[in-house]
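> Prediction below, plus the sequence it came from.
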Amino acid sequence: MRSPIAPRALRLAALALAALAPAAPAALRAQPAKPAPPRATEVYAIRYGTLRAFPVAGLVAGADTARRADIALMVWLIRRPDGRNVLVDAGFYREKFMARWKPADYRRPSEAVRAVGLRPEDVTDVVVTHVHWDHLDGADLFPNARLWIQRDEYAHHVDSTGRARDRTIDSLDADMLARLQRAGRVRLVEGDGREILPGLTVHTGGKHTFASQYAAVRTAAGTVVVASDNAYLYENLATRTPIAQTLDSASNRRAQERMLRLAGSPRLVVPGHDPAVFVRFPKPGNGVARIQ
Ligand SMILES: [Zn+2]
């Protein structure tokens with residue numbers, strides 16, 4: 001015999017299920033939860049590949065032409081308490097670059113950020129330090145990101161139709177950059193010493209390209225400087241030697257000196273391609289170095 005309460009209980013249960021029903025398919029589709037922002041700003045170098053036996057003379061002006069080094073391909077991530085996840089540079093992924101450079105230990109930059117718990121769509125901003133393929137090409141892997149590039153860097157390399165004006169930028173990347181610009185996703189930075197987000201300032205003067213920039217990030221342990229290619233290796237910084245590829249060696253040397261002044265300590269200047277970053281900052285490991 002059925003309890004007289006049962007039909008009412010069933011009705012209530014059915015109502016409760018009906019109320020839940022519209023949410024259920026969405027819940028099934030749901031992505032992993034967005035990671036909670038950190039309490040204080042964190043800065044990481046994330047490795048996405050290696051170029052083997054690269055000539056050091058291409059990095060350090062005047063280096064012995066016989067020297068070769070396996071150099072790191074990196075992007076840098078700033079995780080902020082305000083929830084913004086800022087990538088400095090975006091690496092590369094297009095097939096022509098893969099075929100030409102054959103990187104070892106490669107993972108797409110958009111996959112590499114998962115090592116710190118982020119999905120590509122969690123990246124809110126990309127600071128493009130300069131237009132070289134191995135720093136700019138991956139910018140469109142991050143569908144929600146705004147790009148920050150110097151106005152002079154953009155204007156020097158890309159015309160209004162998206163054509164490359166200079167061989168420094170690859171034609172595919174010029175087209176991509178113009179496409180993102182048309183989509184309203186590009187912020188053009190007006191020169192040196194601009195604080196683009198609270199505590200995140202970009203500086204020019206490295207002259208790796210026409211208007212390359214680097215980033216200075218305020219953290220609890222002092223300012224971290226993400227040099228990108230404005231200082232390729234620790235050797236550039238330690239010996240005050242300009243990078244091999246610069247439009248202005250004296251300007252590059254001054255920029256490196258300024259990075260060292262801006263940084264909370266010399267060890268907080270992070271060069272653009274030095275695998276020793278992952279030796280000096282071994283944690284958490286597996287291609288991720290927590291700088292601060
Ligand atoms: Zn470069």
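Great, that's in hand. The shown structure was predicted, so the numbers you read here are calculated from the model rather than taken from an experiment.
> So which bits of the helix or strand encompassing Asp175 are buried?
Assigned by DSSP states H and E, Asp175 falls within helix 171-182. Residues of helix 171-182 classed as buried: 173-178, 180-181 (neighbour count, 16 or more other CB atoms under 10 Å). (Each C-beta comes from the backbone N, C-alpha and C, glycine too.)
> Go through those residues and name the one nearest the ion.
Asp173 (12.1 Å; CB to the ion).
> pretty sure the closest one contacts Asp137?
Yes. Shown here, Asp173 and Asp137 form a contact pair, counting by CB atoms under 8 Å, at 5.4 Å.
> Now do the strands in the stretch 101-250 of the chain.
Using DSSP state E, counting those that start in this stretch, the strands of the stretch 101-250 of the chain run over 125-127, 146-150, 186-189, 194-197, 200-204, 213-217, 224-228.
> The ion: which of the ones you listed is closest?
Smallest distance to the ion across the strands of the stretch 101-250 of the chain (CB to the ion): 7.3 Å, for strand 224-228.
> any idea where the helices of the protein begin and end?
6-20, 23-29, 95-101, 109-112, 133-136, 151-157, 171-182, 234-239, 249-262, 277-280 (DSSP state H).
> any chance of those helices in JSON lines, plus distance to the ion?
Formatted as JSON lines, those follow (distance: least, CB to the ion, whole Å):
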{"stretch": "helix 6-20", "distance to the ion": "53"}
{"stretch": "helix 23-29", "distance to the ion": "40"}
{"stretch": "helix 95-101", "distance to the ion": "13"}
{"stretch": "helix 109-112", "distance to the ion": "15"}
{"stretch": "helix 133-136", "distance to the ion": "6"}
{"stretch": "helix 151-157", "distance to the ion": "12"}
{"stretch": "helix 171-182", "distance to the ion": "12"}
{"stretch": "helix 234-239", "distance to the ion": "13"}
{"stretch": "helix 249-262", "distance to the ion": "12"}
{"stretch": "helix 277-280", "distance to the ion": "16"}
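> Can you convert those into TSV and add a column each for mean pLDDT?
TSV is the format used below for these (pLDDT from 0 to 100):
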stretch	mean pLDDT
helix 6-20	48
helix 23-29	49
helix 95-101	98
helix 109-112	98
helix 133-136	98
helix 151-157	98
helix 171-182	98
helix 234-239	97
helix 249-262	97
helix 277-280	98
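> and these, which is most packed in?
helix 133-136 (a mean of 24; mean count of other CB atoms under 10 Å).
> can you tell me which residues contact the closest residue to the ion within the stretch 51-200 of the chain?
Closest residue of the stretch 51-200 of the chain to the ion, CB to the ion: His132 (3.5 Å). Counting by CB atoms under 8 Å, 6 or more residues apart in numbering, His132 makes contact with 168-169, 208-209, 229.
> still on that earlier bit, so which of the helices of the chain gets nearest Arg52?
helix 95-101 (9.9 Å; CB to CB).
> what's in contact with that closest one?
Taking CB under 8 Å, 6+ apart as the rule, helix 95-101 contacts 51, 92, 106, 133-134, 137, 170, 172.
> Kindly report the same for stretch 181-192.
Here stretch 181-192 has contacts from 145-152, 154, 158, 177, 180, 196, 202-205, 213, using CB under 8 Å, 6+ apart.
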